[in-house]
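**Q** Sharing a model that was predicted from the sequence below.
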Amino acid sequence: EHIDYTEEKILVADDEEAFAEILRDLLGHKGFKAHFVTNGKDALTELRKDASYTFLITDIIMPGLDGLQLTEKVATEFSGISIIVMTGYTNGYRYVDVINAGAIDFINKPFRTEELEAKIRRGIIERNIRTELKRLTITDSLTGLFNQRHFYSRLKDEIIRSQRQELR
């Protein structure tokens, strides 16, 4: 399956600026739009400023807001962003903890370009499958129109919205 990497925008968060620059350039050569920041706080600021990011690749150990804390915040605030956590220190960090924090995958430094690309590619495929499944659950397969499930979901949202506005 051909995947157009030019549609993907990746933010790299790593406190080792030289590594972050190299990773940004490497991703750029693969066709991704990539940018980097050197800490978790700047990563949150950048993601809030630019809603077009589709991936966050973050180091786990950073001063201030570390990679796990950043992952939890991003997973909660930006449901459409896929997160890959990386580290050069495997002791003390379990794969399951990273996934439970909201990441889609975990990669150990140093890593091969092909390994990172495969993880990003898999993330894109999984995101596309989730999008299609969501579409299928709210539309009628014969007519393509929204179904009863979608109607009741929207009705619930509108009831909540109307209750909120009545309180003002």
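**A** It's in.

**Q** pLDDT averaged over the helix or strand hosting residue 119, what's the number?
**A** Of the helices and strands defined by DSSP states H and E, residue 119 is found in helix 113-138. What helix 113-138 shows for mean pLDDT is 93.

**Q** right, and the helix or strand after that helix?
**A** helix 148-166.

**Q** mind exporting stretch 94-112 as CSV, just the C-alpha atoms?
**A** Only the C-alpha atoms of stretch 94-112 are listed here, as CSV (Å, rounded to 0.1, in the frame of the first residue of the first chain):
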residue,chain,number,x,y,z
ARG,A,94,8.7,-0.5,30.3
TYR,A,95,7.0,-0.7,27.0
VAL,A,96,3.6,-1.1,28.7
ASP,A,97,4.0,2.1,30.7
VAL,A,98,4.7,4.0,27.5
ILE,A,99,1.7,2.6,25.7
ASN,A,100,-0.5,3.2,28.8
ALA,A,101,0.6,6.8,28.8
GLY,A,102,-0.9,7.1,25.3
ALA,A,103,1.9,6.4,22.8
ILE,A,104,1.4,4.1,19.8
ASP,A,105,5.0,2.7,20.0
PHE,A,106,8.4,2.8,21.7
ILE,A,107,11.8,2.8,20.1
ASN,A,108,15.3,2.5,21.6
LYS,A,109,18.1,4.7,20.6
PRO,A,110,20.2,4.2,18.6
PHE,A,111,17.7,3.0,16.0
ARG,A,112,17.8,2.3,12.3
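
**Q** buried stuff in it?
**A** Neighbour-count burial for stretch 94-112, counted by 16 or more other C-beta atoms under 10 Å, picks out 98, 101, 102, 103, 104, 105, 106, 107. C-beta: built from backbone N, CA, C; applies to glycine.

**Q** Which residues does it contact?
**A** For stretch 94-112, the surrounding residues in contact (C-beta atoms under 8 Å, 6 or more residues apart in numbering) are 60, 68, 71-72, 74-76, 82-88, 90, 93, 115-116, 119, 122-123, 126.

**Q** List only buried entries from these.
**A** Among the contacts of stretch 94-112, the ones that count as buried by 16+ other C-beta under 10 Å are 60, 68, 71-72, 74-75, 82-87, 93, 116, 119, 123.

**Q** so how many other residues sit close to residue 33?
**A** 17 (other C-beta atoms under 10 Å).

**Q** residues contacting residue 85?
**A** 57-60, 67-68, 71, 98, 101, 103, 105-107.

**Q** ditto for residue 120
**A** 8, 10, 32, 55, 82, 84.
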